[in-house]
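>>> Model the following, please.
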Amino acid sequence: MNDELEPCPFCGKRPERFVCAKTLGHDYAVIYECKDAHHRVWCEADNDVDAIDVWNTRAERTAMLTYEYTEANGWRERLGRCQCGNLIEVAEFVGGGGNGDYMVVQSSPYCEMCGAKVVG
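All right, here's what the predicted structure looks like:
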């Protein structure tokens, strides 16, 4: 376990620390969060040591995308979602009829919500 907080995997900035009440009792959550115009990554734990560990190991988790296909107004897209449900990849269908293929127009190597590395 590394007790030194690592930077955000997307922008390299140091995440901000927040403490908030989980319930009306004495339980609280420590949250490390990096907010940027293009991403938002956060983790939560019951104490500082666990929160740092969760933040530092989030990129060690991996996720396979689940794809869904949409078609509206003659426009076809393939949407790739992380296992947490976050949209990771958008691909547009290019070409005519059945002879085309999907071209990725938006993608990320990490899930911005859970921090898992996208594999496969």
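
>>> neighbouring strands for the helix or strand Glu92 falls within, and are they parallel or not?
Counting by DSSP states H and E, the element that carries Glu92 is strand 87-94. With DSSP bridges as the test, strand 87-94 is paired with strand 75-81 (antiparallel), strand 101-106 (antiparallel).

>>> how about the longest one: buried residues?
Okay, so that is strand 75-81. By 16 or more other Cβ atoms under 10 Å, the buried positions in strand 75-81 come out as Arg78, Leu79, Gly80, Arg81. For glycine as for every other residue, the C-beta is placed from the backbone atoms N, C-alpha and C.

>>> Tell me which two in the residues you listed are the farthest apart.
Maximum pairwise distance among the buried residues of strand 75-81 (Cβ to Cβ): 10.7 Å, between Arg78 and Arg81.

>>> Can you work out which residues contact both of those two?
Contact with both Arg78 and Arg81 is made by residues Tyr67, Glu68, according to Cβ atoms under 8 Å, 6 or more residues apart in numbering.

>>> What strands line up against the helix or strand containing Tyr69, and which way round?
Mapping Tyr69 onto the secondary structure by DSSP H and E places it in strand 66-72. When sheet partners are counted by DSSP bridges, strand 66-72 sits next to strand 75-81 (antiparallel).

>>> got any ranges where the protein has weak pLDDT?
By pLDDT under 70, the weakly predicted segments of the chain are 1-2, 22-28, 37-42, 59, 97-98, 120.

>>> buried stuff in the helix or strand hosting Val49?
Assessed by DSSP H and E, Val49 sits inside helix 48-57. Buried positions in helix 48-57, judged by neighbour count with 16+ other Cβ under 10 Å: Ala51, Ile52, Asp53, Val54, Trp55, Asn56.
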